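1. sequence first, predicted coordinates after that:
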Amino acid sequence: MADWVRFDDTNKRWEYSTNAGGAWNDLVERPRVERIDFDALTGAADYRLYRDTDGHVKIQLPDTKALVYAVGGQTLWYVQRADTASYVYLFSNPGANSEHVRLQKSDSGVAYLLTDKFNSGSHRDLHIGTQGAASLIFRTNATSRWYVSSTGILRPFANIAYDIGVPTARVRQLYMGDSKTPYPHQPGCHVYDSGAQVIGSATWTARTWNSEHEDTNAFHNPASNPTRITIPTDYQGKYLIYGYCNFAEVAGSFNVGRRIIRILKDGAVVWAQLEVNPGNASGARAGLAISFVAPIELVATNYLEMQVYQSSGVNVSLDTAGGFGITRLGDWS
């Protein structure tokens, strides 16, 4: 067994000796080295490279001492065990107040990954991520559960229904987009017109809405698009749409022609349509009311309008007893 190892500057080789004052042999002969002590450098055998009885190669250092990797006199990285065995420091910027990442195991067996400044009360953000177009994967019980895609989307790793919260530890609120309204809630709007609108005969006319009972996420803009309800970014899903209006009849024309309302999607697709026969009553009446409810699946930028039609032969007004609304029910299947 080799007891001494040295580097021979003359022959430019590592050598070993098995006894004091004995011959030095070329280390290339692969002697069995059980332990290397650095006594000559420290005056004590606290610094040691050795193999234990289980065959593991270990580096022994005194408490609070560091294992340093350096190039050109510049320390790039080192590891230091704290005064208590539960801490291990990974330093990236050595010094009295060096910033570090700390691996810590508590007395209860819980493992922590922390970041702060050594010998300082201040703390630093801990960034966990990947380089390039790669995902960040979260695993438990040797199973991949969630991942953050390279575009920043948090998704289940597989098509499995994972709960967020449980009855005894529930999630208080989630938010969507830049809204201050928590989700799940019922995003949507309910609009109306504070004045009457005149509808010409035998022509489809979009109903305008200049007021809002509710608008959670800017679905409606009475200034730029008073006829439209538009789906905002991040609010795609399944919706329930509803509307109602009242044709204010004119004496002599209340039972003439047709009365129709319809929902138009993106200015082209007729999604729902309802016609009511004005009847053949001979007397005057307050008006003819029509209402509807329908489900629909929508994505961001889709917009809806409620159009009306009458063919009485004269102009007919829609009075203020009308409204148009949309409520998000959830994600589509």
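-> Yep, it's here. Residues are numbered from 1 along each chain as shown.
2. now do Ala218 against Glu212, distance only.
-> When distances are taken as CB to CB, to the nearest Å, Ala218 and Glu212 turn out to be 10 Å apart. No exception for glycine: its C-beta is placed from N, CA and C like everyone else's.
3. same question, Lys265
-> Distance from Lys265 to Glu212, counting by CB to CB: 21 Å.
4. cool, Ala196 as well?
-> In terms of CB to CB, Ala196 sits 18 Å off from Glu212.
5. how about Thr18?
-> Separation of Thr18 from Glu212 (CB to CB) stands at 94 Å.
6. okay, and for this structure, where does confidence drop off?
-> Within the chain, the ranges that satisfy pLDDT under 70 run 1-3, 20-21, 28-51, 55-110, 114, 116-124, 170-185, 251-252, 279-286, 332-333.
7. what are the ranges of the helices in it?
-> Taking DSSP state H to define them, one finds helices in the chain at 39-42.
8. show me the domain layout of it.
-> The chain breaks down by automatic domain parsing into domains covering 4-60, 66-117, 136-173, 188-330.
9. surely Ser201 meets Tyr309?
-> No. With contact defined as CB atoms under 8 Å, Ser201 and Tyr309 do not form a contacting pair (9.3 Å).
10. between these two, tell me which one has more neighbours.
-> Relative neighbour count places Tyr309 above the other of Ser201 and Tyr309, with 19 against 15, counting by other CB atoms under 10 Å.
11. excluding chain neighbours, what is closest to the more buried one?
-> Residue nearest to Tyr309 in three dimensions, not counting chain neighbours: Ile260, with 4.3 Å by CB to CB, 6 or more residues apart in numbering.
12. what's the burial count for the one you found?
-> Per other CB under 10 Å, the neighbour tally for Ile260 reads 15.
13. that one and Arg6, how far apart?
-> 102 Å.
14. give me the neighbour count for the residue nearest to Thr208 when sequence neighbours are not counted.
-> Among residues not flanking Thr208 along the chain, Pro226 sits closest, at 4.5 Å (CB to CB, 6+ apart). Applying other CB under 10 Å, we find 16 other residues in the vicinity of Pro226.
15. begin at 24 from here
-> Sure thing, new numbering starts at 24, so read that last one as Pro249.
16. how near is Pro249 to Ala317?
-> From Pro249 across to Ala317, the span is 22 Å (CB to CB).
17. returning to that earlier point: isn't the residue nearest to Tyr332 up against Val293?
-> No. Under the contact definition of CB under 8 Å, Ile283 does not touch Val293, with a separation of 10.7 Å.
18. beta partners of the closest residue to Phe242 other than its chain neighbours?
-> Nearest residue to Phe242, sequence neighbours excluded (CB to CB, 6+ apart): Cys212, at 4.0 Å. Counting by DSSP bridges, Cys212 forms beta bridges with Asp238, Ile349.
19. quick one: contacts for Cys212?
-> Counting by CB atoms under 8 Å, 6 or more residues apart in numbering, Cys212 makes contact with Glu235, Glu237, Asp238, Thr239, Phe242, His243, Ile252, Gly348, Ile349.
20. let's see it at 10 Å
-> By CB atoms under 10 Å, 6 or more residues apart in numbering, the contact set of Cys212 is 232, 235-243, 252-253, 347-350.
21. tell me the spacing between it and Pro255.
-> With CB to CB as the criterion, Cys212 and Pro255 are 10 Å apart.
22. list the residues that contact both of those two?
-> Thr239, Asn240, Ala241, Phe242.
23. now the buried members of these.
-> Thr239, Asn240, Phe242 (16 or more other CB atoms under 10 Å).
24. got the residue ranges for the strands in the stretch 224-356 of the chain?
-> 228-229, 234-238, 252-253, 260-271, 282-288, 292-299, 311-321, 326-333, 339-341, 346-353 (DSSP state E, counting those that start in this stretch).
25. by contact count, what packs against the last one?
-> Meaning strand 346-353. Strand 346-353 makes packing contacts with strand 211-215, strand 234-238, strand 252-253, strand 260-271, strand 311-321, strand 326-333 when contacts are defined by 3 or more CB pairs under 10 Å, 6 or more residues apart in numbering; DSSP states H and E.
26. pretty sure Phe347 contacts Ile252?
-> Yes. Counting by CB atoms under 10 Å, Phe347 touches Ile252, with 6.7 Å between them.
27. so what's in contact with the two at the same time?
-> Taking CB under 10 Å, 6+ apart as the criterion, Phe347 and Ile252 both touch Cys212, His213, Val214, Trp232, His243, Ile264, Gly266, Ile286, Leu327, Glu328, Met329.
28. measure the closest residue to Arg230 other than its chain neighbours to Val293 for me?
-> What sits nearest to Arg230 in space, not counting adjacent residues and going by CB to CB, 6+ apart, is Met329, at 4.8 Å. For Met329, the distance to Val293 under the criterion CB to CB works out to 12 Å.
29. now do the shared contacts for those two.
-> Counting by CB under 10 Å, 6+ apart, the shared contacts of Met329 and Val293 are Arg285, Ile286, Leu287.
30. weed out the non-buried ones from those residues.
-> Neighbour-count burial (16+ other CB under 10 Å) is assigned, among the shared contacts of Met329 and Val293, to Arg285, Ile286, Leu287.
31. quick one, what contacts the nearest residue to the first one once chain neighbours are set aside?
-> Of all residues beyond its chain neighbours, the one nearest Arg285 is Gln296 (3.9 Å), with distances taken as CB to CB, 6+ apart. Taking CB under 10 Å, 6+ apart as the criterion, Gln296 is in contact with Ile283, Ile284, Arg285, Ile286, Leu287, Phe315, Ala317, Gln330, Tyr332.
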